[in-house]
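Q: build me a model from this:
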Amino acid sequence: MERRPEDPEDKGPDMAVKGAARERTDRYILDAARKEKLLSSIHKISSLLTKPITLDRILTEIVKETSRVFGFTRVAIFLRDEDSSLLECKYLIGFKPAERERALTRPFRLDRHECIETAVMKTGKTVYIKDHAKDDRITDIDLKISAIHKRVSTLAVPLMIKKDVIGLLEADRNDVKMDLTKSEIKSFSIFANQASIVIENAKLQERNKKRIEQLLSWQEVETDMVCESEEMKGVLAQTLKIARSYDTTVLIEGETGTGKEIVARILHYHSSRVGKPYIRINCGAISKDLVESELFGYDKGTFTGGLQEGKKGIFELADGGTLLLDEISELLPSTQVKLLRFLEEREFYPVGGSETKKVDVRVVAATNRKLEQLTAEGKFRKDLYYRLNIAKISLPPLRERKKDILPIALFFMDKFNQTYGKRFQEISKEAREILVDAPWTGNVRELKNAVDRVVLMEEGSVIEPRHLAFVVNSDGGYDRGGEAPAWESRDGGRDFLDAASRDRLLMEALRYFAMMNSDYERRRDRTDRDDGAANLERAKNISESASSSSGSLDERNRDLLIKALDVCEGNTSRAARMLGISRPTAVYRIRKYGIGREKKGG
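A: Numbering: from 1, shown residues only. Purely as a prediction, here's the structure:
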């Protein structure tokens, strides 16, 4: 039987079906490959959840994977600042250096700017712009950005945790128009959802790390209060009781050095505000022209030469925590008015600002003056005093709680033993009497400095009366100056220490001089260190020479200064530190005694 030749028309439908099948197969293959690539990328990003890497590193990996998987030439990731309305670009690739710098340094303001990025943040929805020139959603800001970056298409997908938008991923292909399918956009959204989880986890790790650092730092915070006297036990009980309140304003009064700042720290670290900022500012140390801007901050453009974006004040920085206003009595009347308004309304105006800011801060005020007396004299606002005086803590001076003197001294002795590697174990009976009988007009701060000096300068295991010669003079009076050397007259020329005491204190100064110049000593080799020991022996000879001198006070001072300059090779600053006097005093005596002229003449 003869076969008929195939009719081309009969072959057409079959070929069309086969062609369509091949297209579907190819599409499935491409789709499967894309999905496999997407799953691989999601797995890679997800693996970062278990790795202790930084947020910056994670953002870098996300942007790179976005470009690799989806074929975008330019990718940027934006995150919302948790403390403001700023949307900041954190990382990007594919941009020119100038474009990159512009994107990283110019954040969007969610409350002011209308553009693709802010639209995604506000709506939580994906924005796909196929052609910027024909899309009605494009704003003036978008047009400016498109002109700068030369982009014609944009895909922006939100980064979301539950219903909160934490940022967005934005991508394009430079000046090439993108024709994306719904499947491709959906894949990009799936990738962004997984990236959101990884980003939030990294942010949580960073918060936990900061929390741990805070907990470790709190262990080092000096909040221990040595309380043996009934007066201080009462103060501590009152402080802990007030700390349990959340936002009660506290006024702390007490002489300089009584421990007002320690009380303020106890109020903070024993309250529910622990973990939030604790900020201290000395109102008397700020320039009168800057005090308001330091406390309340200022808006953009308020000052010539000020920060372009404005500046947060201390109140805003302390949001959620505790703010200690030390020396509150030094505030200017105009600032007192603004502080009063804040205490009543819990809001304030930044300098140059027209909008109020609300913050949650516990205010603790401290002063070494009697505010009640100042208000009676018209030097402090009565209404502000009444607002501050809700909870008042009064610290008694050290001379009125003598039971605390020895426990405090022992506390600091142990502390400075660790600092200086010493081994003092106790205080002798006679030294205890000296400490208890001293007036301590500088209160705990002065006692602390005295113990610091003894542990630093002396050796042994017991603090003896001779170690406290700088506290008690030969007539039984007390040296309250603490700055002039032991052999320098404080009452018009009387040299009140005997030669032995003077020599011992000179050796103290020599040891202190050696410690202060440890960097210099480390640069010496072993031979030089041996020479240094010889120099100390020479320095000892200075004191022997000085004590054997039978001349007047001026002669002894002159001889000491000449010998010290000789040991220090003419270095006036080192000689002054060795003798325990200031450099201006040393220079004055060099001129007075003509020491420089003698050397020049020789």
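
Q: relative to the host helix or strand of P158, what are the paired strands and their orientations?
A: Using DSSP states H and E, P158 sits in strand 154-161. Strand 154-161 has the following strand partners under DSSP bridges: strand 127-129 (antiparallel), strand 164-172 (antiparallel).

Q: and the ones you listed, which is most packed in?
A: strand 164-172 (a mean of 22; mean count of other C-beta atoms under 10 Å). In this view, the C-beta of every residue, glycine as well, is placed from N, C-alpha and C.

Q: which is the next helix or strand following that one?
A: Immediately after strand 164-172, counting by DSSP H and E, sits helix 182-220.

Q: for that next one, which positions count as buried?
A: Neighbour-count burial for helix 182-220, counted by 16 or more other C-beta atoms under 10 Å, picks out 184, 187-188, 191-192, 194-196, 198-203, 205.

Q: what lies in contact with the next helix or strand after that helix?
A: Scanning forward in sequence from helix 182-220 by DSSP H and E, the next helix or strand is helix 230-243. Helix 230-243 has contacts (C-beta atoms under 8 Å, 6 or more residues apart in numbering) with 225-227, 248, 250, 263, 266-268, 270-271, 391, 393-396, 400-401, 404.

Q: can I get the strands paired with strand 154-161 in a markdown table including mean pLDDT?
A: A markdown table is the format used below for these (pLDDT from 0 to 100):
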| stretch | mean pLDDT |
| --- | --- |
| strand 127-129 | 92 |
| strand 164-172 | 93 |
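
Q: quick one: closest of those to R244.
A: Among the strands paired with strand 154-161, the nearest to R244 by C-beta to C-beta is strand 164-172 (32.9 Å).

Q: may I have the closest one as CSV, with CA atoms only?
A: C-alpha atoms of strand 164-172 as CSV (Å, rounded to 0.1, in the frame of the first residue of the first chain):
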residue,chain,number,x,y,z
ASP,A,164,5.7,46.8,62.6
VAL,A,165,7.6,48.1,59.7
ILE,A,166,11.3,48.2,60.7
GLY,A,167,12.8,49.2,57.3
LEU,A,168,12.8,48.3,53.7
LEU,A,169,14.8,46.7,50.8
GLU,A,170,15.0,48.8,47.6
ALA,A,171,16.5,47.6,44.3
ASP,A,172,16.7,48.5,40.6
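
Q: show me how far it is from its chain's centre.
A: Chain-centre distance of strand 164-172: 31 Å, with C-alpha atoms, centre = their mean, to the nearest Å.

Q: and the angle from that strand to helix 182-220?
A: Per axes from the mean of the first three to the mean of the last three C-alpha atoms, to 10 degrees, the angle that strand 164-172 makes with helix 182-220 is 130 degrees.

Q: so where is the protein shaky, pLDDT-wise?
A: Applying pLDDT under 70 to the chain flags residues 1-21, 23-52, 211-224, 301, 303-306, 308, 472-553, 596-602.

Q: kindly report the domain assignment for it.
A: For the chain, automatic domain parsing gives the domain ranges 41-206, 230-396, 400-601.

Q: ok, which of those comes nearest R22?
A: R22 sits nearest to domain 41-206 of all the domains of the chain, at 19.3 Å, using C-beta to C-beta.

Q: tell me how far the closest one lies from the chain's centre.
A: For domain 41-206, the distance to the chain centre is 32 Å (C-alpha atoms, centre = their mean).

Q: equivalent analysis for stretch 435-452, please.
A: When C-alpha coordinates are averaged (C-alpha atoms, centre = their mean), stretch 435-452 and its chain have centres 30 Å apart.

Q: can you get me the start-to-end distance on it?
A: The first residue of stretch 435-452 is 14 Å away from its last residue (C-alpha to C-alpha, to the nearest Å).

Q: L55 reaches I199, doesn't it?
A: Yes. The pair L55 / I199 is scored as a contact, 7.1 Å apart, by C-beta atoms under 8 Å.

Q: please give me every residue in contact with the residue nearest to K382 when sequence neighbours are not counted.
A: Among residues not flanking K382 along the chain, T375 sits closest, at 4.8 Å (C-beta to C-beta, 6 or more residues apart in numbering). Each residue near T375 by C-beta under 8 Å, 6+ apart is listed here: 381-382, 385.

Q: so V363: helix, strand or coil?
A: Under DSSP: H, G, I helix; E, B strand; the rest coil, the three-state class of V363 is strand.

Q: tell me how far it lies from H268.
A: Distance, V363 to H268, using C-beta to C-beta, to the nearest Å: 12 Å.

Q: about what we covered before: got TSV for the contacts of T375, with distance to L59, neighbour count and secondary structure too?
A: Output for those, formatted as TSV (distance: C-beta to C-beta, whole Å; neighbours: other C-beta atoms under 10 Å; DSSP: H, G, I helix; E, B strand; the rest coil):
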residue	distance to L59	neighbour count	secondary structure
R381	50	19	coil
K382	55	13	helix
Y385	51	20	helix
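
Q: ok, so of those, who is nearest L339?
A: Checking the contacts of T375 against L339 with C-beta to C-beta, the nearest one is R381 at 9.1 Å.

Q: helix/strand/coil for the residue nearest to that closest one when sequence neighbours are not counted?
A: Nearest non-adjacent residue to R381, counting by C-beta to C-beta, 6+ apart: Q336, 4.9 Å away. Three-state assignment for Q336 (three-state DSSP): helix.
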